[in-house]
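> Give me a 3D structure for the following:
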Amino acid sequence: MSNIAKEQVEQEQILNDIRSDPNLDPVRKRALVKEAEQSFSETKQDSSKTVFNVANTMVGSTAMVVPLIFAKSGILTCICVLIFVGLVSYYTCDLLVIHYHKNETDVADAVFRILGRKWFYFFSLISAALLFIAAIIYFILCCNVLYTLFCGCLQLFFGLSDFPAKDTLVLSQFSYQWTGIMIGILIFFLFSMKDSRQFVRLNGYGIYCIAIFLLFILGIGFRNIFTKSLTMDESLADGVKVFYVKMMSDDFINVLSTFALAFFIHNCIYPIIKLNRHQENNSRDVCFGYLLTGIIYSSVGIFGSLGVLCGPNDICEAPRKANTVMDYFDPRKPLVLIVLLALALQLLTVTPILGYITRTQLMSLFFKNPQPKGAAPVIFNIILTLSCVIPQIFDIDPKLVIAFNGAVCGFFLVYVIPIGLHHKMLYGKQDELRRSILSPSTETVLLASVVEVENLDITALKDDENEINASQDPQAAELNQKLAKTRANAISKPLFYLGYGALTVYGFGLMCLQLYQLVAH
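Residues are numbered from 1 along each chain as shown. Down below sits the predicted model:
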């Protein structure tokens, strides 16, 4: 997960403001939500912007560890895995795109419409878990970058040195652990914000921060290609004049799990494609977005793995332990400091937004209000902050957390939900699929308001419900037409179960292998 779509978060903030307004009655809330969602859908963009937004949403924290994975597992091995994972992720994401309806603002709406309420709650919980773990990943990476940045500045400007290593638990002096504690206190207050729009605006500049990092990695890689002797024979490398470039290995499990998260966009694809001016091109544009993402990751992996080939008196130096590619570079160099500062700003603005989105999703799910009163939001913020700080203090490798998130949460969101949704659309009972298109977000507002508001005018509420149901006939007809077209092009049931069953078994096996490696580690 990565640069968060600015429009998506700002729109969610507007809807949350309406849902949590105590001065509005249920009918008025529902009307305002519908009006706001309608205004969002009227803003359209060209296919090129859709392609860019798809890639921009996927490229993020994984880019900081991809060069290390390429260097450890081999360039050809990683490229092959990258292509395979990208194709599988695109295919299952396209299953969601195929069944998208223009009135749906989120994938949860489609899950509610097709699979029902229980699957909607399951999807929402898994999606929130994915974002929860993503916030932990960003926090660890942020502390990693900031500690390196602080150490570089203190060495460069004040001549201080002898800072403890990140994997050494030290609390008697300034250390990696104290950096995490200080940033943890700051991030707790940022998690507590009720309005995320200021951070969203700041995060809008994150694309420039990522661009600085990408240009730096590409430049370092190009420099080593033209200034150093490279070999694919490890016996010929001496680490001084000749450097070994690993091309292949059998270490691909972590690569599969990490890239599963690198290509993950499934739970937020609808807010992107709903703005596409040419809806008939949604599948094509998402495909191009995946292709662009694959090119970016391949470039970062190849040139980054070449960039960390360090020689004597070089800008980089092989560390005892590297959590990100930036651990290889001397933080006293001005260019490296600029890149570290750009990454720190990017990570520090994304982390609170992830916490905000996770909190509002869970509060809406359990309390029917994104901003409930009482201790629940504070307790959640404390739990999330501790969940971020504790792994950071013990220097948990972010690559492991990324791989775990991609394998476990990815199994349900990349394989189970899209395949189950597609199966229901192809082989489900016709009458079961003629559900109301009423979005679960609107229904949640209604339920929450019924609990909060006394002396509710039930007659007015029922009249409004009838008005909505009456207006859904054209939508139902359109859905039935789309369903008939999908079923006409469907493969036979045996082939469906064989093909999609194999995909599901692959995803489940990957999850089990990653959990085993995590325990063994």
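
> So for the closest residue to R277 other than its chain neighbours, what's the pLDDT?
Spatially, and ignoring its direct neighbours in sequence, R277 is nearest to K44 (4.1 Å; CB to CB, 6 or more residues apart in numbering). C-betas here are computed from N, CA, C, even on glycine. pLDDT, K44: 72.

> Contact partners for K44?
L275, N276, R277 (CB atoms under 8 Å, 6 or more residues apart in numbering).

> What are the buried residues along stretch 370-378?
The neighbour-count check on stretch 370-378 (16 or more other CB atoms under 10 Å) flags P370, Q371, P372, P377 as buried.

> and of the contacts of K44, the nearest to H101?
Proximity of those to H101 (CB to CB) peaks at N276, which lies at 13.8 Å.

> same for the longest helix along the chain, what does it pack against?
Assignment by DSSP state H gives helix 117-158 as the longest helix of the chain. If you count contacts as 3 or more CB pairs under 8 Å, 6 or more residues apart in numbering; DSSP states H and E, helix 117-158 packs onto helix 107-114, helix 176-191, helix 334-367, helix 376-393, helix 398-404, helix 417-427.

> how about the CA coordinates for the fourth one, as PDB?
This means helix 376-393. Extracted in PDB, the C-alpha atoms of helix 376-393 (Å, rounded to 0.1, in the frame of the first residue of the first chain):
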ATOM      1  CA  ALA A 376     -13.500   3.200  22.100                       C
ATOM      2  CA  PRO A 377     -11.500   5.400  19.700                       C
ATOM      3  CA  VAL A 378      -8.900   6.200  22.400                       C
ATOM      4  CA  ILE A 379      -8.500   2.500  23.300                       C
ATOM      5  CA  PHE A 380      -8.000   1.700  19.600                       C
ATOM      6  CA  ASN A 381      -5.400   4.400  19.200                       C
ATOM      7  CA  ILE A 382      -3.500   3.000  22.200                       C
ATOM      8  CA  ILE A 383      -3.600  -0.500  20.800                       C
ATOM      9  CA  LEU A 384      -2.400   0.600  17.400                       C
ATOM     10  CA  THR A 385       0.400   2.700  18.800                       C
ATOM     11  CA  LEU A 386       1.600  -0.100  21.000                       C
ATOM     12  CA  SER A 387       1.300  -2.500  18.000                       C
ATOM     13  CA  CYS A 388       3.600  -0.200  16.100                       C
ATOM     14  CA  VAL A 389       6.200   0.600  18.900                       C
ATOM     15  CA  ILE A 390       6.700  -2.900  20.300                       C
ATOM     16  CA  PRO A 391       7.900  -4.600  17.000                       C
ATOM     17  CA  GLN A 392      10.000  -1.500  16.300                       C
ATOM     18  CA  ILE A 393      11.800  -1.700  19.700                       C
END
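
> name the helices or strands packed onto it?
Partner elements for helix 376-393 (3+ CB pairs under 8 Å, 6+ apart): helix 117-158, helix 176-191, helix 334-367.

> That one vs helix 334-367, what angle?
Angle of helix 376-393 versus helix 334-367, following axes from the mean of the first three to the mean of the last three CA atoms, to 10 degrees, is 140 degrees.

> Please state the offset of helix 376-393 from the chain centre?
19 Å (CA atoms, centre = their mean, to the nearest Å).

> who touches it?
By CB under 8 Å, 6+ apart, helix 376-393 touches 132, 135-136, 139-140, 143, 169, 176-177, 180-181, 184, 187-188, 191-192, 351, 355, 358-359, 362-363, 366-367, 371, 401.

> run the last query once more with 6 Å
I136, F139, I140, C143, Q177, G180, G184, F188, F191, S192, G355, R359 (CB atoms under 6 Å, 6 or more residues apart in numbering).

> What of the second one?
Contact partners of helix 176-191, identified using CB under 6 Å, 6+ apart, comprise 143, 146-147, 166, 171, 352, 355, 381, 384-385, 389, 392-393.

> does F243 sit in a helix, a strand or a coil?
strand (DSSP: H, G, I helix; E, B strand; the rest coil).

> any idea whether the closest residue to it other than its chain neighbours is helix, strand or coil?
Nearest residue to F243 in three dimensions, chain neighbours excluded: L309, at 4.2 Å (CB to CB, 6+ apart). L309 falls in the coil class when you classify it by three-state DSSP.

> Can I get the buried part of the contacts of K44 as one ChimeraX selection?
Selecting only the buried entries of those in ChimeraX, with 16+ other CB under 10 Å as the criterion:
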select :275,276
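
> could the contacts of K44 be laid out in CSV, adding secondary structure, pLDDT and distance to V65?
Formatted as CSV, these follow (DSSP: H, G, I helix; E, B strand; the rest coil; pLDDT from 0 to 100; distance: CB to CB, whole Å):
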residue, secondary structure, pLDDT, distance to V65
L275, coil, 82, 31
N276, strand, 87, 31
R277, coil, 85, 36
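
> Among the contacts of K44, which one lies nearest to I225?
Out of the contacts of K44, the member with the shortest distance to I225 (by CB to CB) is N276, at 38.7 Å.

> and that closest one, what does it touch?
With CB under 6 Å, 6+ apart, N276 has these contacts: T50, N282.

> quick one: it from F288, how far?
12 Å (CB to CB, to the nearest Å).

> residues of stretch 322-334 that come out buried?
Under 16+ other CB under 10 Å, the buried positions of stretch 322-334 are A322, N323, T324, V325, M326, D327, Y328, F329, D330, P331, R332.

> do stretch 99-115 as well
Neighbour-count burial for stretch 99-115 [16+ other CB under 10 Å]: 99-101, 103-115.

> Over to that stretch now: how far is its first residue from its last?
12 Å (CA to CA, to the nearest Å).

> ok, back up a step: export the contacts of helix 176-191 to CSV and tack on distance to G239, neighbour count and pLDDT?
Output for these, formatted as CSV (distance: CB to CB, whole Å; neighbours: other CB atoms under 10 Å; pLDDT from 0 to 100):
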residue, distance to G239, neighbour count, pLDDT
C143, 30, 29, 95
L146, 30, 21, 95
Y147, 27, 24, 94
K166, 23, 25, 88
L171, 35, 10, 90
P352, 42, 26, 89
G355, 43, 29, 90
N381, 47, 20, 95
L384, 43, 22, 96
T385, 42, 23, 96
V389, 37, 22, 96
Q392, 32, 26, 94
I393, 33, 19, 93
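
> count of neighbours near the spatially closest residue to C409 that is not a sequence neighbour?
In this structure, C409 finds its nearest non-sequential neighbour in L130, 4.1 Å apart by CB to CB, 6+ apart. L130 has 24 neighbours, counted by other CB atoms under 10 Å.
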